[in-house]
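Student: Give me the fold of what follows.
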Amino acid sequence: MESRPLDRVRTRCGEVAQQSGHVRIMHHAIQPYAASLPSDQPTRPTMDSSCHLLGGGDATVAFFLTLDAINFGSGYFPHLRKRPGMSGYFTVASSLKDYYEQHGPPSAEELTQFSAENCAGIFDQDLEHPVTRELMRLFATALNDLGAYLLERFEGSFLGLVQAAGGSAERLVELLIEMPYFNDVASYNGLDVPFYKRAQITAADLSLAFDGKGPGRFDDLERLTVFADNLVPHVLRLDGILRYDDSLAADIEAGVLIQSGSPREVEIRACAVHAVECLADVLREAGRSVTAMGLDYLLWNRGQQPAYKARPRHRTRSVFY
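Tutor: Below is the predicted model:
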């Protein structure tokens, strides 16, 4: 078995796809779908300066490590009090940016003391609502864990954590998954199936924030897989690459929560990862230079179109996405 963490993601997701009973990859559709994808779209996104703390330096490193420590909650977002015109993610990101600009980056010691009440204040949420109260408690635990990890391993230094990766995105993943809420591994038919969505996206975010330089320089970004959440599978399903069984499709359309770690949820995420790997292989054979990260960006942007937003995607309450 492959020992490198991102090889394990690819291998295990492929094994789940072979066994999957609720989700199928429509392999016959991959080649024409690949040919239909525009070749002129940028595969490297830019950060929105209105929602992210840019400008470089230690504060930017701290911002993205902190943001990605709490970059989850899509299953809670229908209940989140959102800023006008913003999604749940951009509400969280812009609220954190405002906090940083008003108070400066919280130290590792301060993160260990954050409470649900602190988080509710930062993100303007109502603790009287049981769903948002649960999410704020999870945010507080994630931030406590990050602070404790930085103190234990890196003398409280955000930059020290990134520098310890030595310019390797895969090594940064290995470091981050030592924290429980980054250790995104599911159990499926006796298999441990890793996804490491937020650990991987942390490397991608730092690369974008620093334009591939300094703390954002990673020499192996092509090693990253697609970031397995609930939007990329949704796009692939509506585009005919993934097919869900009738029961799963009906539950998603009805807004029924899909349990975190259940066979159906694992299959959705794993089949999306494997389908994108198959898509990337076809595109490379056709002479196109692509990465899974670039395809993630392309599919994520496609998912912002009204036709995709008009249909429900699966909702899972999880600390992993």
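
Student: for whichever helix in the chain runs longest, packing partners?
Tutor: In the chain, assigned by DSSP state H, the helix with the most residues is helix 130-154. Judged by 3 or more CB pairs under 8 Å, 6 or more residues apart in numbering; DSSP states H and E, helix 130-154 is in contact with helix 58-69, helix 108-111, helix 116-123, helix 158-163. C-beta: built from backbone N, CA, C; applies to glycine.

Student: which residue ranges form the strands in the chain?
Tutor: The residue ranges that make up the strands of the chain, judged by DSSP state E, are 23-25, 185-188, 191-194, 242-244.

Student: got the buried residues for stretch 226-241?
Tutor: Residues of stretch 226-241 classed as buried under the neighbour-count rule (16 or more other CB atoms under 10 Å) are 226-239, 241.

Student: now stretch 9-21
Tutor: 9-13, 15-17, 20.

Student: Include distance to Arg217 and pLDDT when you put those residues into CSV, please.
Tutor: Shown next, in CSV, are the buried residues of stretch 9-21 (distance: CB to CB, whole Å; pLDDT from 0 to 100):
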residue, distance to Arg217, pLDDT
Val9, 22, 98
Arg10, 24, 97
Thr11, 28, 97
Arg12, 29, 98
Cys13, 28, 98
Glu15, 33, 98
Val16, 33, 98
Ala17, 33, 98
Ser20, 37, 97
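
Student: Now flag whichever of those residues is closest to Ala165.
Tutor: Looking at the buried residues of stretch 9-21 and their distance to Ala165, the nearest is Val9, at 17.2 Å (CB to CB).

Student: Go ahead and confirm that closest one touches Pro194.
Tutor: Yes. With contact defined as CB atoms under 8 Å, Val9 counts as touching Pro194 (5.1 Å).

Student: hang on, the earlier thing: which residues touch the longest helix of the chain?
Tutor: When contacts are defined by CB atoms under 8 Å, 6 or more residues apart in numbering, helix 130-154 is touched by residues 65-66, 69-70, 72-73, 76, 79-81, 107-120, 123, 125-127, 156-158, 160-161, 164, 178-181, 317, 319.

Student: Over to stretch 200-214?
Tutor: The set of residues external to stretch 200-214 that reach it, using CB under 8 Å, 6+ apart, is 6, 44-47, 52, 54, 56, 60-61, 64-65, 67-68, 71, 162, 165, 169, 172-173, 176, 215-218, 221, 224-225, 227, 293.

Student: Filter those down to the buried ones, PyMOL style.
Tutor: Isolation of the buried members of these (16+ other CB under 10 Å) is achieved in PyMOL through the command below:
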select buried, resi 6+45+47+52+54+60+61+64+65+67+68+71+162+165+169+172+173+176+215+216+218+221+224+225+227+293
